[in-house]
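# heads up, no residue letters with this:
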């Protein structure tokens, strides 16, 4: 199986990651979640259930975890530079991540259309199941 390595992180380098995807970002597709948080950040997210991601935090005091709505995931934001890197959910002892493609180094071209998605009608069970099925498994998280 081919692997497509994507590196990225926040602007100042406090949050970094290595995303090993099973396909190019164009094949994985970009999503534009329609929640107020993602819209305010202009997020274009992607994930790969057949890939894996390794996340490193240089200074955990500069990591902001933010939960809202159904409180099923931590949205990771750098306190130093303000970049929203992605969201992490843990369920049944496993961790999953959706990454903000705008934090790729370099980010994907803006002519790659991010498909609008509205998940507002989901309940906790439905949201957790969808994310466990679609998001990228976290292979390592170093704080």
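Alright, I've got the coordinates. Computed from a predicted structure; not experimentally measured.
# Show me where this protein has its helices.
25-28, 36-41, 124-134 (DSSP state H).
# These into a markdown table, with extra columns for mean pLDDT, distance to residue 86 and mean neighbour count?
In this view, the C-beta of every residue, glycine as well, is placed from N, C-alpha and C. Below are these laid out as a markdown table (pLDDT from 0 to 100; distance: least, CB to CB, whole Å; neighbours: other CB atoms under 10 Å):
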| stretch | mean pLDDT | distance to residue 86 | mean neighbour count |
| --- | --- | --- | --- |
| helix 25-28 | 88 | 14 | 16 |
| helix 36-41 | 89 | 11 | 14 |
| helix 124-134 | 93 | 12 | 14 |
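# Would you convert the ones you listed into CSV that also reports distance to residue 48?
Compiled in CSV, the helices of the chain are given as follows (distance: least, CB to CB, whole Å):
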stretch, distance to residue 48
helix 25-28, 5
helix 36-41, 19
helix 124-134, 9
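# Quick check: which of those helices is nearest to residue 47?
Between residue 47 and the helices of the chain, the tightest spacing by CB to CB is seen for helix 124-134, at 5.8 Å.
# can you list contacts of that closest one?
47, 49, 70, 72-73, 89, 91-92, 94, 96, 98, 119, 122 (CB atoms under 8 Å, 6 or more residues apart in numbering).
# Which helix or strand in this structure has the lowest average pLDDT?
strand 114-117 (a mean of 81; mean pLDDT, DSSP states H and E).
# What pairs with that one, parallel or antiparallel?
Sheet pairing of strand 114-117 (DSSP bridges) gives strand 30-33 (parallel).
# which residues of this protein score low on pLDDT?
Along the chain, segments meeting pLDDT under 70 span 1.
# now do 90
The model of the chain has pLDDT under 90 over residues 1-2, 25-27, 29, 33, 35-38, 69, 108-122, 127, 130.
# can you give me the strands for it?
With strands called from DSSP state E, the chain shows them at 4-9, 15-21, 30-33, 45-46, 52-57, 63-66, 74-78, 84-91, 94-100, 114-117, 136-142.
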